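Peer 1: sequence and predicted structure below; questions after.
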Amino acid sequence: MLASFKLVVLLSVVALACAWPQFGSSSMTTGPTTSTVPAKENSQGPTPKLDCFDHSIIRNTWDQAKKNGEFAPQVLLRFIKAHPEYQQMFGKFASVPHYNLLRNGDFLAQAYTISAGLNVVIQSLSSQELLAAQFNLLGSAYQPRGVTPAMFEEFSVILEQVLEETLGSTFNVEARKAWNKGMVAIIAGISKTLKNPEDLADAQSNLTRPQIRNVQRSWESMKSGRNSLVSAIFIKLFKETPRVQKHFAKFANVPVDSLRGNGDYIQQVALVADRLDTLISAMDDQLQLLGNINYLKYTHAKRSIPRKTWEDFARLLVELLPTRGVSASDVESWKGVTTVLVNGIAPKN
């Protein structure tokens, strides 16, 4: 059933591209005719856009191809012949020789089941929200079964070959371009969701559970020296950008090299360290985390602290983490977390 499920998803999302802006994303946008698909990170550059003309071509060519009774069996047969290892995913005909598959009832039933499922999905494009949720769920379901983006790329090659052979001149340059763009888009989208459920980013915070655990664990290991860490960040920040120190009236004119002995500075460092501790402790509670971020956003807005200052503070924090024994992999998690915090406290205009 894996290949059946996979085939349905591949073509259904291609067909959905015109009606589903930014599929695979947690946010929806509306537009007149053009939908933006996720960027595929490869040497070919950004993923091309699918418009309603592409969507119409994909649907029309599919409607024609499915009328040919040999189309569905040929797609599945060619896929299995090109990649024999995938036949083992179909228990009922896993050991049937390729030359007997077109006469095997279980194989034909599977092929036509795929075709029927595809027909329903392609002709029913009504719920963007449900499809977006299912796309994430399907990606997380495939990962434990060992499905990879490469498998989708391999399937797309076979599908286009059989479409061309079945449709002949109907599968013209425009049709080829539309299907190719659709496959590039779906491969990019599914690649982003081929993860364990816990590895998928939260829709609100954009953080994954492993990121949160990594940051909380590494923070706990250096928590006793948090004031020293924050002080080191401030000293570097003030030396890089002296005007930042002016935001702190009580020690605005104290020489940077004398700050560590200043009582007001020490108090400010402790306050910031405590706030940082609160944020990190709240990361696994989305409501509490967002509440703390909003509080910092509100209390600092009246002080007119620019986004650049928050970005510099986050950058220096990440740079100093290795000196506190934080591993390279955990530093990557910190980068994601600090980005979320900066965007929450000082969002871009």
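Peer 2: Structure's in. What do you need?
Peer 1: from here on, just use CA atoms for contacts and neighbour counts.
Peer 2: Noted.
Peer 1: average pLDDT across stretch 209-229?
Peer 2: The average pLDDT within stretch 209-229 is 91.
Peer 1: ok, and what's touching it?
Peer 2: Identification of contacts with stretch 209-229 by C-alpha atoms under 8 Å, 6 or more residues apart in numbering yields 198-201, 269-270, 273, 277, 280-281, 283-284, 317, 320, 324, 326, 330, 333-334, 336-337.
Peer 1: ok, stretch 300-315 next?
Peer 2: The contact list for stretch 300-315 (C-alpha under 8 Å, 6+ apart) reads Ile233, Phe234, Leu237, Val244, His247, Thr338, Thr339, Val342, Ala346, Pro347, Lys348.
Peer 1: list the buried residues in it.
Peer 2: Residues of stretch 300-315 classed as buried: Arg307, Trp310, Glu311, Asp312, Phe313, Ala314, Arg315 (neighbour count, 16 or more other C-alpha atoms under 10 Å).
Peer 1: dump it to PDB, keeping only the CA atoms.
Peer 2: The C-alpha atoms that make up stretch 300-315 are tabulated as PDB, following Å, rounded to 0.1, in the frame of the first residue of the first chain:
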ATOM      1  CA  HIS A 300      11.300  47.100  25.200                       C
ATOM      2  CA  ALA A 301       9.300  48.800  22.400                       C
ATOM      3  CA  LYS A 302       9.100  52.100  24.400                       C
ATOM      4  CA  ARG A 303      12.800  52.100  24.800                       C
ATOM      5  CA  SER A 304      13.200  52.100  20.900                       C
ATOM      6  CA  ILE A 305      15.800  49.300  20.900                       C
ATOM      7  CA  PRO A 306      16.300  48.500  17.200                       C
ATOM      8  CA  ARG A 307      16.100  45.000  15.800                       C
ATOM      9  CA  LYS A 308      19.800  45.100  14.900                       C
ATOM     10  CA  THR A 309      20.700  45.200  18.600                       C
ATOM     11  CA  TRP A 310      18.700  42.100  19.200                       C
ATOM     12  CA  GLU A 311      20.200  40.400  16.200                       C
ATOM     13  CA  ASP A 312      23.700  41.300  17.400                       C
ATOM     14  CA  PHE A 313      23.000  40.100  21.000                       C
ATOM     15  CA  ALA A 314      21.800  36.700  19.500                       C
ATOM     16  CA  ARG A 315      24.800  36.500  17.200                       C
END
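Peer 1: pLDDT (mean, whole number) over that stretch?
Peer 2: The model assigns stretch 300-315 a mean pLDDT of 89.
Peer 1: quick one: distance of it to the chain centre.
Peer 2: Distance of stretch 300-315 from the chain centroid (C-alpha atoms, centre = their mean, to the nearest Å) equals 27 Å.
Peer 1: follow-up on the earlier one: wait, which of the contacts of stretch 300-315 is closest to His98?
Peer 2: Comparing the contacts of stretch 300-315 against His98 with C-alpha to C-alpha places Thr339 closest, at 52.0 Å.
Peer 1: what residues sit buried inside the helix or strand containing that closest one?
Peer 2: Taking DSSP states H and E as the criterion, Thr339 maps to helix 328-345. For helix 328-345, burial by neighbour count (16+ other C-alpha under 10 Å) applies to 330-331, 333-345.
Peer 1: now Val230: how far from Gln245?
Peer 2: 14 Å (C-alpha to C-alpha, to the nearest Å).
Peer 1: looking at these two, which one has more neighbours?
Peer 2: Of the pair Val230 and Gln245, Val230 is the one with more neighbours under other C-alpha atoms under 10 Å, namely 23 against 20.
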